[in-house]
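Student: next input, structure requested:
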Amino acid sequence: MKRKDLRDRGSITVEAAICLPFFIIVVISFVFLIKVYFAHEIIQHAITAACDEMSVYSLMYYSTNAEELVVGLQKFYDSEKVSNELENAGLLQYIREFGKDATDYLRAQAVLVPITKILVREHLGNSLDKADLRLKNLNIPKGLEGIDFTHSKLLADGRSIDIVAEYKLEFPFLSQLLPGIKITQTASACIWAGEDGVSSLKGDSQENEQCVWNLDKIKRGREIRRLQGANLPFNFPVISKYANGTATSIKSLNLDEIYYHNTDNLNNKIKEYIRKLQEFNGGKSGSVTIDGSQIYRKELILVVPETDITNAQLQTLNKCIDIAKEKGISLKIVKAYGKQNNIKNGVDNGKGY
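Tutor: Numbering: from 1, shown residues only. Now for the predicted structure:
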């Protein structure tokens with residue numbers, strides 16, 4: 001009996017010795033997943049704050065040339081956050097020497113990335129050592145230097161800043177064998193262009209004074225996109241705006257047109273918008289690329305004129321809101337920008353923008 005007890009105890013010891021490493025790996029993996037979440041949230045907060053801060057100063061990019069830009073941004077450069085770093089890096093001289101043409105995106109990139117690093121560092125830990133330590137504790141081996149901002153864009157679409165942060169998280173075990181996890185995060189913000197907007201700087205004031213619902217459909221679509229804060233090129237597939245993981249499609253329908261008095265036509269058109277947005281899984285236009293893995297939320301903004309909506313149209317709109325919700329899309333109906341002066345009573349072709 002004693003020998004049997006010894007054998008049983010020995011068997012339990014062996015089994016425990018075999019299971020213990022796997023249990024430890026499971027615990028470490030769980031902790032690592034928590035670190036992945038925290039790393040994502042911390043970096044997203046930092047790049048979003050940096051993006052918002054830079055967007056305020058980017059108005060000068062539109063309204064001035066480089067020498068005026070340096071003067072206009074002097075307050076920004078003199079702030080406690082960036083003055084020393086910019087001076088040490090010689091960026092002020094670099095801007096004066098290479099940034100003569102304020103519409104040259106490639107030259108602007110040379111300024112965007114260094115300033116992004118400085119502001120992100122400040123939002124991560126106030127100093128390089130603190131930021132590096134915080135990131136290394138989250139399994140980003142090179143700290144702040146391990147985050148690549150080179151794919152960021154300044155005014156690629158003419159009106160927004162897009163910060164792209166790419167980095168790799170190393171596994172806490174077998175890091176030499178396992179490739180690690182590559183993560184890409186983005187933050188976008190339209191530049192602040194004063195109360196009159198960017199278009200006032202471009203000489204479009206006469207067109208802006210005209211009611212958008214009196215424009216032809218393509219011009220109306222462009223103008224409403226702009227007014228709703230679109231930050232993607234007009235020919236970008238399906239969506240008009242992307243910010244912080246949200247892909248937004250901006251559409252407009254003139255409910256006063258006879259074609260949309262027929263609720264079947266109205267229902268079919270909105271369902272078509274919903275279907276296209278549901279199927280959208282990333283796209284590219286020129287230098288602007290959005291990958292499906294970067295999209296966490298989808299939103300459809302439908303702009304309609306400030307006119308009386310019939311009960312039948314209202315029921316159709318509410319029905320479409322429910323349909324969109326079932327497909328994971330937030331449909332928002334926005335009544336704005338007046339109404340058309342002269343309503344066409346003919347049959348519309350059903351093309352909305």
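Student: show me what contacts Leu317?
Tutor: Residues near Leu317 by CB atoms under 8 Å, 6 or more residues apart in numbering: Leu266, Ile270, Leu302, Ile309, Ile333. All C-beta atoms are positioned from the backbone trio N, CA, C, and that covers glycine.
Student: in a markdown table: these, plus pLDDT.
Tutor: As requested, these are exported to a markdown table (pLDDT from 0 to 100):
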| residue | pLDDT |
| --- | --- |
| Leu266 | 93 |
| Ile270 | 95 |
| Leu302 | 93 |
| Ile309 | 88 |
| Ile333 | 91 |
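Student: restricted to buried residues, select those in ChimeraX.
Tutor: Buried residues among the contacts of Leu317 (16 or more other CB atoms under 10 Å), as a ChimeraX selection:
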select :266,270,302,309,333
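Student: which of the contacts of Leu317 fall within strands?
Tutor: Of the contacts of Leu317, the ones assigned to strands by DSSP state E are Leu302, Ile333.
Student: closest to Tyr259 out of the contacts of Leu317?
Tutor: Using CB to CB, Leu266 comes nearest to Tyr259 of the contacts of Leu317, at 8.4 Å.
Student: can you show me the strands along the stretch 251-353 of the chain?
Tutor: In the stretch 251-353 of the chain, the strands defined using DSSP state E, counting those that start in this stretch lie at 282-285, 288-291, 297-304, 329-335.
Student: between the ones you listed, which one is nearest to Ala165?
Tutor: strand 288-291 (13.8 Å).
Student: and the closest one, which strands flank it?
Tutor: Here strand 288-291 is paired, per DSSP bridges, with strand 282-285 (antiparallel).
Student: restrict the partner strand to CA atoms and write it as CSV.
Tutor: Extracted in CSV, the C-alpha atoms of strand 282-285 (Å, rounded to 0.1, in the frame of the first residue of the first chain):
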residue,chain,number,x,y,z
GLY,A,282,-11.3,49.3,-47.6
GLY,A,283,-10.3,51.3,-50.6
LYS,A,284,-7.7,53.5,-52.3
SER,A,285,-7.6,56.7,-54.2
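Student: run a quick check on Pro237 versus Ser285, I expect a contact.
Tutor: Yes: under the criterion of CB atoms under 8 Å, Pro237 makes contact with Ser285 at 7.2 Å.
Student: same list, the contacts of Leu317, but as TSV with distance to Val113 please.
Tutor: Formatted as TSV, those follow (distance: CB to CB, whole Å):
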residue	distance to Val113
Leu266	47
Ile270	41
Leu302	37
Ile309	48
Ile333	40
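Student: picking up where we left off before, what's the most buried one of the strands of the stretch 251-353 of the chain?
Tutor: Of the strands of the stretch 251-353 of the chain, the one with the most neighbours on average (mean count of other CB atoms under 10 Å) is strand 297-304, at a mean of 21.
Student: what segments of this structure are strands?
Tutor: Listed in chain order, the strands of the chain (DSSP E) span 153-154, 160-169, 181-190, 241-243, 246-252, 282-285, 288-291, 297-304, 329-335.
Student: could those be laid out in TSV, adding distance to Lys130?
Tutor: What follows is the strands of the chain, written out as TSV (distance: least, CB to CB, whole Å):
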stretch	distance to Lys130
strand 153-154	27
strand 160-169	17
strand 181-190	20
strand 241-243	28
strand 246-252	31
strand 282-285	36
strand 288-291	31
strand 297-304	32
strand 329-335	38
